[in-house]
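1. sequence and computational prediction follow.
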Amino acid sequence: MSQSVMTSQENPGEGMGESPAESHAPRGDGMRGFLASSRSDWLLVAVFAAAILTMPIWLAPIGAGYPDILQKFAIFGIFALGFNILFGFSGYLSFGHAAFLGAGSYAAVWMFKLLSMNALIALAFAIVVGGVFALLIGFVSLRRSGIYFSILTLAFAQMSYNLAYSVLTPITNGETGLQVTISDPRVLDAMFGGVARRGVPELFGMELQGWPGFYFSAVLLILAFFLTLRIRNSTFGLMLFAIKSNQNRMNYTGFATRPYLLAAFVISGMYAGLAGGLLAVTDPLAGADRMQWTASGEVVLMTILGGVGTLLGPVIGAAVMKYLEQIFSSFNEGVLHRTFDFLPTGLQDFMVAITSPFVGEGWQLTLGLLFMIVVIFLPGGIMEGVRRIASRFRSGRGGASPTPAPAGGGH
Amino acid sequence: MDAIILQILNGLDKGGAYALIALGLTLIFGTLGVVNFAHGALFMLGAFCSVTFVRILTISERVRDESVTFFEAYKEIPYLEIWYGDAGKAIVAWAVPLSILLAVPVMLLVGFAMERGLIRFFYKRSHAEQILVTFGLAIVLQEIVKYFFGANPIPITAPPALAGSADIGALFGLPNISYPMWRIVYFLFSLAVIAVVFAFLQLTTFGMVVRAGMADRETVGLLGINIGRKFTIVFGIAAVVAGLAGVMYTPILAPNYHLGMEFLVLSFVVVVVGGMGSLVGAVFAGFLLGILQSFASMTEVKAIFPGIDQIIIYLVAVVILLVRPRGLMGRRGVMEA
């Protein structure tokens, strides 16, 4: 798998040199490219789908084989995939993507309240809201680039967050958060005789809790991944990569880069809206804290951790981060003592004493350190690490044999 | 009229804090070319220097309270007071301004360590990577502070002599305007620090080199000036300025560990509004936004635009960036790419 990832990854880079000439080709070329997939792409998607769907099996040994956390992997994987379309492909660092996540959550919960508990309706609306919201913010923010762009997106996200807490309380229900209640109208459910059950989101009668909930999110993640792959291989994707590598040159050659960037921004906003909607599906509750800028920072970290601009990286980064969060924040002194049980007492106390600031409440400290270590030593993220190890393997063995993939990597 | 003066006063102390943080940010950005997302954390560290100093000064002994007779009561008397009597009492009372003595060397050291240990490796990296690594550092710093001082805000009191309110209206010939004295002290203090920094940059040879560096870093390097060393000192100065802003702010707002993040976001907006690379712009925009914010939180204004106080700064930033891309006083060629 890593092999196919690597080769397909080089495509945009190679294509870039000749892209100005190539992308003058009629747009239909881009459309055809979008629909037709090479065999290696299909293989990649198939392997990815298999890896995602079998996560309950191969992640069980490390204690992540239960639906709640796997669902989180999938949801934040979608969020990071979308963020990567903007930051990874075009190089525009948005520090306000959580606004779209939050908007998606609110939109989904409103659908649960007004129309139906059917998840598809809610998600469709969440995507639309995320996209429209991104269109508005992107239209303004993309007038600037570089750090100005980052600050503008941050400003918009903070505005949304502050407003969600104060003035927009009729829509967002302020600090309490928006919740589904028994007395909500749910027009469609009432019309088609669907009895409003316990207020659990469902898909044609199947309650999306536990395993069904995970598989629902997983299927959407696979679709999102496929779409991202298609985007990257399309002319549109090439344009984004070209903007990243040299926007000035793009402008000089006569391309209006802004429509492409705006499209990328809106697409990534839609991904974020979908992820936010899915969060509401797992737990029909939306709060403003989902919009806070720390949440925006989190998705940046996921993407960086996995590998900016790569296909698999953001998904892996999201999973690793959510996994570490789960592990580290659930540790306490008791668990630590058990972990270091094999050591002599004195050493055990010492180990517990030096590790305890990093776990439980102190998980954020570990997160910060991880953030720094990754940016300092491994700017390419986990994917870069895998590639380095793989290339060392290959040169060590004399080149020819492709290395076995480390299974999509939960680590 | 009274209300307007009061709102301007209200904005001045907050504006002072924004201006000081933004000044340091701009200094670092202009000379080192680094976007420092950990600058808010430096502000927070300064505030906790003050907390530490106050705690050291008030290490106390528990003694029987003789004034209470019908049950056993104890009170805590700081050792300083026991040892030095009234002089000790005065030192304890003036702990916040005195903690500047601790904060300056500590912040200078922190600044040097940060620049030598981390920032200098990022001169050649992209702005995105600088933002990310300093963002990580900010998280680490605030978590360390949280580990030692807990998550709750720690109230600090101003010296009793400055804790009351001043009859500021008398200055303008207007009655009925009184205002907390410490906030006025803070405003004057921030003006003084700003004046010192500007004097340093304008009147010393070192300052001249720094200004030259802000104008054209490469040429200064080519002239054979050891910029690396200068960079470290500039970073140290910026850290001290942010730290001092934090020290004196503690009586206004009880510091907690994420104080820095709140101020950082706003200070960045201030820098961008003032114009990246313009020191005067940073100071000006700091006070401007501080005052605007306090006007927006007037009930009369909120009645017309509900929620405006929550978003006014960001809204102004958006408008200014769209109308004047380089900010109010930004120079051509800074952060254009």
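-> Everything's here; your move. Numbering: from 1, shown residues only, chains lettered A, B, ... in the order given.
2. neighbours around residue A:40, how many?
-> By the criterion of other C-beta atoms under 10 Å in any protein chain shown, residue A:40 has 14 neighbours. Every residue, glycine included, has its C-beta placed from N, CA and C.
3. so which helix or strand takes in it?
-> Using DSSP states H and E, the secondary-structure element containing residue A:40 is helix A:39-53.
4. who does that helix touch, helix- and strand-wise?
-> helix A:2-22, helix A:210-233 (3 or more C-beta pairs under 8 Å, 6 or more residues apart in numbering or on different chains; DSSP states H and E).
5. how about the residues of the stretch 151-300 of chain B near chain A?
-> Taking C-beta under 8 Å from any C-beta of the partner chain as the measure of proximity, the stretch 151-300 of chain B contacts chain A at B:261, B:265, B:268, B:269, B:272, B:276.
6. among the residues you listed, who's most crowded?
-> The most neighbours of any of those, using other C-beta under 10 Å, belong to residue B:272, which has 30 neighbours.
7. ramachandran angles for that residue?
-> Backbone torsions of residue B:272, given as degrees, to the nearest 10, read phi -70, psi -40.
8. for it, give me its contacts.
-> Residue B:272 sits next to A:147, A:148, A:151, B:317, B:321, B:327 when contact means C-beta atoms under 8 Å, 6 or more residues apart in numbering or on different chains.
9. which other helices and strands does the strand or helix carrying the first one contact?
-> Under DSSP H and E, the secondary-structure element containing residue A:147 is helix A:146-165. Contact analysis of helix A:146-165 by 3+ C-beta pairs under 8 Å, 6+ apart lists helix A:98-114, helix A:119-141, helix A:169-172, helix A:293-306, helix B:127-149, helix B:259-274, helix B:308-323 as its packing neighbours.
10. now with 6 Å?
-> On a contact count with 3 or more C-beta pairs under 6 Å, 6 or more residues apart in numbering or on different chains; DSSP states H and E, helix A:146-165 meets helix A:98-114, helix A:119-141, helix B:308-323.
11. which parts of that helix are buried?
-> For helix A:146-165, a neighbour-count test (16 or more other C-beta atoms under 10 Å in any protein chain shown) marks A:146-165 as buried.
12. what's the answer for stretch A:324-331, then?
-> Buried, per 16+ other C-beta under 10 Å, within stretch A:324-331: A:325, A:326, A:327, A:328, A:329, A:331.
13. C-alpha coordinates for the helix or strand containing residue B:206, CSV please?
-> Using DSSP H and E, the element containing residue B:206 is helix B:205-215. C-alpha atoms of helix B:205-215 as CSV (Å, rounded to 0.1, in the frame of the first residue of the first chain):
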residue,chain,number,x,y,z
THR,B,205,23.6,52.2,18.3
PHE,B,206,22.1,48.8,19.0
GLY,B,207,18.6,50.2,18.3
MET,B,208,19.9,51.6,15.1
VAL,B,209,21.0,48.2,14.0
VAL,B,210,17.7,46.7,15.0
ARG,B,211,15.8,49.3,13.0
ALA,B,212,18.1,48.7,10.0
GLY,B,213,17.4,45.0,10.4
MET,B,214,13.7,45.6,10.3
ALA,B,215,14.2,47.6,7.1
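14. what's downstream of it, the next helix or strand?
-> helix B:217-222.
15. list of residues touching that following helix?
-> Helix B:217-222 is contacted from outside by B:212, B:213, B:227, using C-beta atoms under 6 Å, 6 or more residues apart in numbering or on different chains.
16. and residue B:278, how many neighbours does it have?
-> If you count neighbours by other C-beta under 10 Å, residue B:278 ends up with 22.
17. hmm, who's touching the host helix or strand of residue B:229?
-> Assigned by DSSP H and E, residue B:229 belongs to helix B:227-249. For helix B:227-249, contacts defined as C-beta under 6 Å, 6+ apart pick out B:17, B:20-21, B:23-24, B:27-28, B:31-32, B:39, B:42-43, B:46-47, B:49-50, B:99-100, B:103-104, B:107-108, B:110-112, B:115, B:186, B:189, B:193, B:209-210, B:221.
18. if we can go back for a sec, got a list of contacts for the helix holding residue A:147?
-> Under the contact criterion C-beta under 6 Å, 6+ apart, helix A:146-165 has outside partners A:92-96, A:98-99, A:137, A:141, A:144, A:172, A:174, A:288, A:291-293, A:296, B:35, B:127, B:268, B:272, B:307, B:310-311, B:314, B:317-318, B:335, B:337.
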